[in-house]
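In: test case, fold it:
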Amino acid sequence: MRIPVRHIAGNVIWTRHGTCWALWRVEGSGHAQSSPTVKERRLRALESLVKQLRGEAMLLSLCPQVDPAEVVRRMTDGVDLSVCERYAQLATRVWDQLEGMELTSRADWLAVPLPAGSKKQAAAMAIDAARAEMARQLGLLPAPVSAREEVRRLRQAQELAAAWPSTVALRPATEAEILWIYGHSARRGVLEPLLPEPEQRAGRGRGAAALGQVVLAEGALPAAEDGDDADAHRGRFGRRWLQVSTEWGESYQTVLALSEMPERFVFPGSEYLAALDEFAFPVDWAMRIKVTPGDVAEAKARRQARELAGQAGEYEGETAGVPSRVLDAADGMDEYRTAITSSKTEVEVQAMGALCVWGATPAEAEARAADLQTHFAGNDYTFTRPLGEQENLWYGMLPGTRTPKVMASYAQVLLARDFAMAGAFAGSALGDAKGPLYGLQLSGGGTRPVLTDWSLGPQKSASASAAYVGELGGGKSVAMKAAVYAILAAGRKAGRPGSRGRAVIVDRTPQQEWVRFAKACPGTTQVITIDDQAQVSLDPLRMIRDAGQAQRRTESFLTLLLGIGPMSDQGIVLSEAIEATLAGRAPSMAALVSELQARGKRDAASNAVARKLAAVARKDLARTIFDPALPVVDTSTADALVFATANLALPKEHELAADRLSTLEFEKVFGRAALYLIAALCREICFANAREFCVAVWDECWWLTSSPEGMALLLELVRDGRKHNAGCLVGSHDGEDIGPEASATGQVIRGLFPRKLLFRQTDVALARRGLAFLDLDPADEELVELVTTGLSPMDVADEVRAQRAGECLHRDLYGRLGGMQVVIPADPEAAAAIHSDPALAA
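Out: Coordinates of the predicted model:
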């Protein structure tokens, strides 16, 4: 192997051929599953970038290996493992699980040759490269590139990039990253070098020279372990792969050239490069392009049009007439000339594409190549593997090399917009740079771990809250529990005394599934059961220390409970009585009843409210709020605090109409008000200690958002949680339950959730509303089909259904969107208690 590099400085390489190339790392947009509006915006950005290029360029997208040890290191970074023993054990189990997976990511690059300047400078560069090559052949040390030349070229690359549109995010590649590109290409599928961090510099002792220690053998066979090996009996014409031998092993790679494309493109739908992330294995791709200004391309097209016109004349007198292919070619040339001259900025793009797949054996590489060919053939894209050209195509995917003749022979002539429709640079990572393993990215080839640090939001001046939407059995509750486990298990941070992760949960399930799961998680758990046998007091006047918050929460609770308007006469006297009670020595609900009774002797409104409140206080269900003899619950000690409220009845949705509220049974009225109060207490607990990261967990949260008071409470927690190092996890079957789109408050709530997860929705109407909740196009039929039938499908074998459980569309903290499969924590005790399905629960 002869790599083309003779010198590297910054993001510029000097090649053996006397040219200079500059490389930039491109940030993927993650728009593959976005709305048509977002896709159109990205299309225009790429089109604008292409129009700014001149001459040759290369778009390169590679799939780096991910080291399981690096994943575990990021999982445990910042966690105090000395006190998080179960999390340390989980990290070890995760390491073992990841060792058996093909872990990859995706890195995108743009490589552009730098103009030589004058002919004299070009000749001087060619002479310098030839001298350096001759010196190597003679065993001499080549003359180095001068510091002045390095500065000139680096400045030239900087000025070139400054003229490009800022809508495509990129940065100069580092020397270590450039060396990695060549090392990765030689060691695909074996022990690859790890993609260096942006700040990492090239190491000493192994530079570009070491990368040339590679042997390429087209169609070579592995050492057969069996005389009947199928590859051994295959003829030379059937071996269309490349054996790349290094000291780390043998990689079998096969390169496919893009030889044919459809005559017309439909967007969205033509993004064949973005579709490469949908395969179960990693696919590298390179697109070499030659960009010609429109006026130059039109002059060439004019000559071709004359030739076509002459061909039609050759058939004069032919009874069969002019063949349709000649007429079609003439029409197509007219359209092309019209398009190329439609704008002064229009350019012609000659695109030469290549894909690379690999395997541990030639058969595996061949099978992956066949999958690609079969998939794209149905859409009129043809990828071929020309015989004897595997090595040339392989070199053609390296920056700094000359374009191989075989790639040039397959050049596709396109306009800038047509080329941009391929969907380059559409991939994107999901999750955070560090944190517990939360899922596996579905699109991307191979397996891509998704790490999620739930406490990161407040550190980034963003909300720590997340919203989960999905139907029964879709995986929503399991995903919420996996998040709670991560918060509790990895909450204690190294170097931060007093830090821990906490969860305050409302469990409305009769089976107490959240109680069962919380007890199986690391840390301590406190369960508060709300029924007629209550053992602790939830009196807001006794629990909430801040007088202003106590006044506000008590008023909202009692107006819901008593069915009175906040600004009615009774609402006003209630507010005044609460204020007076809080000013007393020992505020409590019992003291409030006494205060109202005293005022009622001289005021009819106070007397009416006192009678209503006394009637409520006599109910056994209300004992937990009105009995002054019960001790106030201590909410500051346990890591997980669970309010078990299965005994609280709630009104049906149709019973919440204004004309029916007055006729509701007391149990439902009390249940609705009590759950609001419990949610308010959750808010107080979450905001109590900023050193602790705490989340409120409200599954099936319609019970909270069915009232304006509950909506306001949710809005407050989502909006102000970051100031107190807190957040909330809410789930529902319908995004409208979390934030009604018809409500101004609901719209704000929907917009404030940075993390959103949409699970399977077999109902089309719910699927469309779920897509709208994720800010996706609800009219996109492909997305609707994905949500209704593609996520965790039910009409498959039980084994497959279990393997695909937990699939969802996930919008992460940074707004990136992609498919993900939530993974169950590798903790046997928690895993046994995580399912709500009776058939799966332990």
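
In: His733 against Ser477, yeah?
Out: No - His733 is not in contact with Ser477 according to CB atoms under 8 Å; the separation is 10.9 Å. (Each C-beta comes from the backbone N, C-alpha and C, glycine too.)

In: compare those two and say which is more crowded by neighbours.
Out: Ser477 (24 against 20; other CB atoms under 10 Å).

In: sticking with the more buried one, tell me its helix or strand.
Out: helix 476-489 (DSSP states H and E).

In: can I get that helix in PDB? Just the C-alpha atoms.
Out: Provided in PDB are the C-alpha atoms of helix 476-489 (Å, rounded to 0.1, in the frame of the first residue of the first chain):
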ATOM      1  CA  LYS A 476     -43.000   3.600  27.300                       C
ATOM      2  CA  SER A 477     -43.100   2.700  31.000                       C
ATOM      3  CA  VAL A 478     -40.100   0.400  30.700                       C
ATOM      4  CA  ALA A 479     -38.100   3.300  29.200                       C
ATOM      5  CA  MET A 480     -39.200   5.600  32.000                       C
ATOM      6  CA  LYS A 481     -38.100   3.000  34.500                       C
ATOM      7  CA  ALA A 482     -34.700   2.500  32.800                       C
ATOM      8  CA  ALA A 483     -34.200   6.300  33.100                       C
ATOM      9  CA  VAL A 484     -35.100   6.200  36.800                       C
ATOM     10  CA  TYR A 485     -32.600   3.400  37.300                       C
ATOM     11  CA  ALA A 486     -29.800   5.400  35.700                       C
ATOM     12  CA  ILE A 487     -30.600   8.400  37.800                       C
ATOM     13  CA  LEU A 488     -30.600   6.400  41.100                       C
ATOM     14  CA  ALA A 489     -27.600   4.200  40.200                       C
END
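
In: could you tell me the average pLDDT over it, please?
Out: The pLDDT scores in helix 476-489 average 97.

In: from Arg288, how far off is the residue lying closest to Val349 once chain neighbours are set aside?
Out: Closest residue in space to Val349, ignoring its immediate chain neighbours: Phe419 at 4.4 Å, by CB to CB, 6 or more residues apart in numbering. To Arg288, Phe419 is 12 Å away according to CB to CB, to the nearest Å.

In: over to Thr341?
Out: In this structure, Thr341 and Arg288 are 26 Å apart, going by CB to CB.

In: more neighbours, those two?
Out: Arg288 (24 against 14).

In: and the helix or strand where the more buried one lies, what other elements does it pack with?
Out: Taking DSSP H and E as the definition, one finds Arg288 inside strand 284-293. Other helices and strands packing on strand 284-293, by 3 or more CB pairs under 8 Å, 6 or more residues apart in numbering; DSSP states H and E, are helix 36-52, strand 55-62, strand 347-359.

In: again, only using 7 Å
Out: strand 55-62, strand 347-359 (3 or more CB pairs under 7 Å, 6 or more residues apart in numbering; DSSP states H and E).

In: by how many degrees do it and strand 347-359 diverge?
Out: 170 degrees (axes from the mean of the first three to the mean of the last three CA atoms, to 10 degrees).

In: pull out the buried residues from stretch 269-277.
Out: For stretch 269-277, a neighbour-count test (16 or more other CB atoms under 10 Å) marks 270-277 as buried.

In: now it: mean pLDDT?
Out: Within the predicted structure, the mean pLDDT of stretch 269-277 is 89.

In: end to end, how far does that stretch reach?
Out: One end of stretch 269-277 to the other measures 14 Å (CA to CA, to the nearest Å).

In: what comes into contact with it?
Out: 32, 283, 285, 376, 381, 421-424, 426-427, 443-445 (CB atoms under 7 Å, 6 or more residues apart in numbering).

In: you'd agree Val291 is up against Val349?
Out: Yes - contact criterion CB atoms under 7 Å: Val291 and Val349 qualify, at 5.7 Å.

In: residues that sit against both of those two, list them.
Out: Common neighbours of Val291 and Val349 are listed as Val50 (criterion: CB under 7 Å, 6+ apart).

In: correct me if wrong: the residue nearest to Val349 contacts Gln350.
Out: No - with contact defined as CB under 7 Å, Phe419 does not count as touching Gln350 (9.4 Å).

In: of those two, who's got more company?
Out: Taking other CB under 10 Å, Phe419 and Gln350 do not tie; Phe419 has more neighbours (24 against 18).

In: let's verify the more buried one: helix, strand, or coil?
Out: When classified by DSSP: H, G, I helix; E, B strand; the rest coil, Phe419 comes out as helix.

In: residue contacts, it?
Out: 50, 349, 351.

In: return the set of residues that bridge with the last one.
Out: It stands for Ala351. In this entry, Ala351 is beta-bridged to Ile289, Gln412, by DSSP bridges.

In: what sits up against the helix holding Ser477?
Out: Applying CB under 7 Å, 6+ apart, the contact partners of helix 476-489 are 84, 86-87, 90, 436, 438, 452, 454, 466, 468, 470, 501, 503, 517, 521-523, 639-640, 693, 695, 697, 699, 729, 731, 757, 759, 806, 808, 822, 824-825, 830, 834-836.

In: next, the residue most central in space within the chain: phi, psi?
Out: Nearest to the mean C-alpha position of the chain, by CA atoms, centre = their mean, lies Leu430 at 2.9 Å. The phi and psi torsions at Leu430 (degrees, to the nearest 10) take the values phi -120, psi 150.
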